[in-house]
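>>> whatever this is, show me its structure:
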Amino acid sequence: MTTKYKLKNNIWFKRLYSLKHKWSTALSKDFFFAGILSSQRSESTNHAVGFKANKKTSLTEFYNIFQKTVKTWRRNEDFYEFNSIKSIPTSSYPMSALLKHVAEVNTHTLFRDFEEEFNLAIGSQTKLLFINGGKMVYQVYIEGRDGTTQEVTYAPINQTIQCPCKNFEESGWLCFHSLRILHMHSVEKIPKQYISFRWTKMAKDKVWESMEAEQRMKGALNSFRPWRLHMVRKYYSLILKSHKFEQARKVLEESFAKDLSAIDEIISVMKSTDNHSENTTGVEENSEATSSSVVQVLDPARAKTKGGQSNKKIPGIYGYMKKGKRRKHREFGAKTPNINNKYML
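Okay, the predicted model is just below:
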């Protein structure tokens with residue numbers, strides 16, 4: 001293009017070509033992005049909300065629709081996660097050893113993608129090109145389909161396989177070229193190095209376990225958490241019991257002030273004791289840890305905005321809600337739940 005259209009001195013085109021690794025699909029095969037396109041996030045958001053806003057669409061209505069949409073997402077996610085953990089998917093094809101292994105390890109969604117690749121693997125042809133030491137190079141292709149021919153390198157000793165299409169590096173599961181070679185060599189399980197952790201059934205549990213282990217190493221997760229939760233519930237119940245009566249609120253506030261002063265005194269004594277013991281042993285203490293001053297952050301002052309005291313009703317919020325039929329909204333091809341009038345109060 002630079003030669004044909006004489007764009008060698010075009011600044012914009014030269015800069016665009018220098019960033020080709022960011023927009024060219026052929027140069028991004030080594031990076032994992034699970035098949036997500038650059039514009040897919042905004043497109044999926046527009047599709048999820050599923051309605052066209054106009055100048056009369058109120059913010060309250062939009063918020064309630066969005067809340068119900070998020071609840072639907074989470075409910076569906078919990079449902080699919082439960083089915084994925086508690087059940088094993090079935091296939092219209094005979095369950096070979098590779099399919100059984102994927103059904104036991106990966107989620108149902110990944111199994112369906114893997115099933116499509118396995119179907120193509122069964123219909124493909126192979127040809128041994130040459131053997132280089134302990135590595136075998138095969139040509140895998142599908143007759144009558146252009147663009148499917150790839151040269152796959154396979155090492156039976158350590159079960160490593162490489163395909164130029166780089167579907168594993170890009171999506172996280174093996175392509176049908178690689179599956180054809182594994183199936184031909186009677187490999188019963190997907191090698192561990194080709195099982196993406198994020199597509200397994202227990203991915204969420206492992207993530208939480210690793211986060212808790214990291215917090216334990218840092219000392220943030222301690223044994224006082226149950227006590228804290230128990231005391232929060234007790235004090236919250238006491239506040240709910242006394243908030244309707246002025247005398248009860250006064251007693252609670254006075255007792256809180258007494259408890260706060262007593263606790264501050266105990267903490268200061270304990271800190272002074274610890275500082276004295278550390279100074280006698282010659283251990284230097286970090287100034288941030290020994291600082292007893294607490295910075296109190298207050299809410300900013302409220303500014304009176306223009307028109308803030310106006311009692312005028314906004315037609316977009318209240319006016320059109322009583323006129324005519326409610327405009328239907330679409331969400332994932334289904335009817336969006338109606339918004340009751342109690343949400344508009």
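
>>> M184: what's it in contact with?
Shown in contact with M184 (Cβ atoms under 8 Å, 6 or more residues apart in numbering): T126. In short, each C-beta sits where N, CA and C put it, glycine included.

>>> what do you get if the cut-off is 10 Å, keeping everything else the same?
Applying Cβ atoms under 10 Å, 6 or more residues apart in numbering to M184 gives the contacts 121, 126, 128, 138, 140, 154.

>>> looking at those residues, state which has the most neighbours.
Taking other Cβ atoms under 10 Å as the neighbour criterion, V140 ranks highest of these with 25 neighbours.

>>> in a helix, that residue, correct?
No. Assessed with DSSP: H, G, I helix; E, B strand; the rest coil, V140 is strand; it does not lie in a helix.

>>> the helix ranked longest in the chain - contacts with which helices or strands?
Counting by DSSP state H, the longest helix found in the chain is helix 246-281. On a contact count with 3 or more Cβ pairs under 10 Å, 6 or more residues apart in numbering; DSSP states H and E, helix 246-281 meets helix 225-242, helix 287-290.

>>> returning to that earlier point: between the contacts of M184, which is closest to E253?
A121 (72.7 Å; Cβ to Cβ).

>>> so what does the host helix or strand of that closest one touch, helix or strand wise?
According to DSSP states H and E, A121 maps onto helix 108-122. Counting contacts by 3+ Cβ pairs under 10 Å, 6+ apart, helix 108-122 packs against helix 59-86, helix 97-105, helix 167-171, helix 176-184.

>>> ok so, going back, need the max-distance pair from the contacts of M184.
Largest separation among the contacts of M184 by Cβ to Cβ: A121 and L128, giving 16.5 Å.

>>> which of the helices and strands packed on helix 246-281 has the lowest mean pLDDT?
Confidence, taken as mean pLDDT, is least for helix 287-290 of the helices and strands packed on helix 246-281 (a mean of 45).

>>> quick check: can you list the domain ranges of this protein?
97-203, 220-267 (automatic domain parsing).

>>> going by mean pLDDT, which of those comes out lowest?
Of all the domains of the chain, mean pLDDT reaches its minimum on domain 220-267 (a mean of 85).

>>> how distant is that one from the center of its chain?
Counting by Cα atoms, centre = their mean, to the nearest Å, domain 220-267 is centred 36 Å from the centre of its parent chain.

>>> only alpha carbons, please: show stretch 255-274 as PDB.
C-alpha atoms of stretch 255-274 as PDB (Å, rounded to 0.1, in the frame of the first residue of the first chain):
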ATOM      1  CA  SER A 255     -21.500   5.200  77.100                       C
ATOM      2  CA  PHE A 256     -19.800   5.300  73.700                       C
ATOM      3  CA  ALA A 257     -17.800   8.400  74.800                       C
ATOM      4  CA  LYS A 258     -16.700   6.700  78.100                       C
ATOM      5  CA  ASP A 259     -15.700   3.500  76.300                       C
ATOM      6  CA  LEU A 260     -13.800   5.400  73.600                       C
ATOM      7  CA  SER A 261     -11.800   7.300  76.200                       C
ATOM      8  CA  ALA A 262     -11.100   4.200  78.200                       C
ATOM      9  CA  ILE A 263     -10.000   2.300  75.100                       C
ATOM     10  CA  ASP A 264      -7.700   5.100  73.900                       C
ATOM     11  CA  GLU A 265      -6.100   5.200  77.300                       C
ATOM     12  CA  ILE A 266      -5.400   1.400  77.200                       C
ATOM     13  CA  ILE A 267      -4.000   1.600  73.700                       C
ATOM     14  CA  SER A 268      -1.700   4.500  74.600                       C
ATOM     15  CA  VAL A 269      -0.400   2.600  77.700                       C
ATOM     16  CA  MET A 270       0.200  -0.500  75.600                       C
ATOM     17  CA  LYS A 271       2.000   1.400  72.900                       C
ATOM     18  CA  SER A 272       4.200   3.200  75.400                       C
ATOM     19  CA  THR A 273       5.100  -0.100  77.000                       C
ATOM     20  CA  ASP A 274       5.900  -1.700  73.600                       C
END
